[in-house]
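Engineer: fold the following.
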Amino acid sequence: MRFFTPTRFQYHALIAACMCCGLVQAQDYEAPRTSFGAPDLQGVYNIATVTMLERGEQFGDQLVITEEEAERIGQTGDSYLTNLTDGIGGAEGAIGGYNTFWMDPGERMATINGEIRTSIIVEPVTGRLPWAEGALQKIFGGRAQIDEYAGPETRPMAERCLVGFGSTGGPPMLPVLYNNHKQIVQTEDYVMIMAEMNHDARIVRMGDSEHADIPKWLGDSIGHYEDDTLVVETTNFNSQQGFRGALRHFFYLSSSAVVTERFSRLDDSTLLYKFTIDDPENYATAWTGELPMNAVKDQIYEYACHEGNYALPGILAGARRQEHEESQ
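Structural biologist: Residues are numbered from 1 along each chain as shown. The predicted structure is shown next:
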């Protein structure tokens, strides 16, 4: 009996055929509909992933890697936490730190349609933020002029329990160290997108063509449906929310930035979350990211932020004490 051994060309042709078959199946998928005819996107989802916003330089322009490559570089939740605590020393590393018991960054790299992604950013092809010339100097120069301990208004938003850190509530919604669940609820006139972190709830007005001319936390969102996709456009952000920082990503949005999000079903248990940032004040070109939103059976429990209750008075009291000692 003779066994067929494919040539390299035949092997790649076979792989391509399988990928095309998978694509056809994805295209044949019919999203469920709500009672009012919209694509049903409702549910609780988890966006936790160890894939970072910007691509590591070791990957170059390589957006997708193989399972073998992912295993080789060890991008799992456990290795992420190990690397993180090695870098900051855990709870003992600095005053105010906390150990990995409280962290839940995800267990794997982001995977979309079977592709393991090296960055959330897909455009530009570098997977890096396309900062405009002089933007970073302006941002950090402006922050350097602020007395961070002058009063509660100069402290970070998350520390004051106003919005979650790292753009967890969005838009765009990005994964952070923990509390990465999101919930979507739809009615004919509104869509509610709630982030577990800081219980930030964004209300999207459906069918509205004009933005409210007033700054808002999380911006002003209007939406519409394009076939099976929910499209949300957001602008008019509160100027205090410009800085979006977490341990492994940082970016900045001006008040007039426009964020366009697209939510669509890949299958019964996965949404594709795609967003584009248009902010000429800070970026040389628009940039786009993609994340899978994986359905979970978990409930989102009440979120309690105690930093504003206890830490903030202590921080400001400590600053006043230091000023007093330095004046002696």
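Engineer: which pLDDT value goes with the residue lying closest to residue 33 once chain neighbours are set aside?
Structural biologist: Counting by C-beta to C-beta, 6 or more residues apart in numbering, residue 33 lies nearest to residue 40, which is 5.8 Å off, once chain neighbours are set aside. For glycine as for every other residue, the C-beta is placed from the backbone atoms N, C-alpha and C. Residue 40 carries a pLDDT value of 97.
Engineer: who touches residue 40 in this structure?
Structural biologist: 31-34, 186 (C-beta atoms under 8 Å, 6 or more residues apart in numbering).
Engineer: adding neighbour count, write the residues you listed out as CSV.
Structural biologist: Converted to CSV, the contacts of residue 40 look like this (neighbours: other C-beta atoms under 10 Å):
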residue, neighbour count
31, 17
32, 11
33, 11
34, 13
186, 21
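Engineer: turn those into TSV, columns for distance to residue 311.
Structural biologist: Formatted as TSV, the contacts of residue 40 follow (distance: C-beta to C-beta, whole Å):
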residue	distance to residue 311
31	44
32	44
33	46
34	42
186	37
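Engineer: related to what we said a few turns ago, I'd like the distance between the residue nearest to residue 33 and residue 196.
Structural biologist: Distance from residue 40 to residue 196, counting by C-beta to C-beta, to the nearest Å: 21 Å.
Engineer: ok, now which ones touch the closest residue to residue 103 other than its chain neighbours?
Structural biologist: Spatial nearest neighbour of residue 103, excluding adjacent residues (C-beta to C-beta, 6+ apart): residue 177 at 4.9 Å. Residue 177 makes contact with 102-105, 246-247, according to C-beta under 8 Å, 6+ apart.
Engineer: mind listing the helices for the chain?
Structural biologist: 8-28, 67-73, 77-88, 135-144, 312-327 (DSSP state H).
Engineer: hmm, back to that, which single one of the contacts of residue 177 is nearest to residue 215?
Structural biologist: residue 246 (22.7 Å; C-beta to C-beta).
Engineer: correct me, but the closest one touches residue 174?
Structural biologist: Yes. Using C-beta atoms under 8 Å, residue 246 is in contact with residue 174, at 7.4 Å.
Engineer: overlap in contacts of those two?
Structural biologist: By C-beta under 8 Å, 6+ apart, the residues touching both residue 246 and residue 174 are 166-167.
Engineer: OK, contacts around the residue nearest to residue 225 when sequence neighbours are not counted?
Structural biologist: Computed as C-beta to C-beta, 6+ apart, the closest residue to residue 225 that is not its neighbour in sequence is residue 38, at 5.5 Å. Counting by C-beta under 8 Å, 6+ apart, residue 38 touches 186, 188, 225, 230.
Engineer: same deal with residue 256?
Structural biologist: Residue 256 sits in contact with 235-236, 279, 281, where contact means C-beta under 8 Å, 6+ apart.
Engineer: can you tell me which of those is closest to residue 160?
Structural biologist: residue 236 (20.6 Å).
Engineer: ok, now how distant is the closest one from residue 48?
Structural biologist: The value you get for residue 236 to residue 48, if C-beta to C-beta is used, is 29 Å.
Engineer: the more surrounded of these two?
Structural biologist: residue 48 (21 against 17; other C-beta atoms under 10 Å).
Engineer: relative to residue 109, how far out is the more buried one?
Structural biologist: 11 Å.
Engineer: now swap in residue 281 and tell me
Structural biologist: Distance from residue 281 to residue 109, by C-beta to C-beta: 32 Å.
Engineer: these two: which is more packed in?
Structural biologist: Set residue 281 next to residue 109 and count neighbours by other C-beta under 10 Å: residue 109 wins out with 21 against 14.
Engineer: and the pLDDT for the more buried one?
Structural biologist: Looking at residue 109 specifically, the model assigns a pLDDT of 88.
Engineer: same check on the one 5 residues further on?
Structural biologist: The confidence metric pLDDT takes the value 91 at residue 114.
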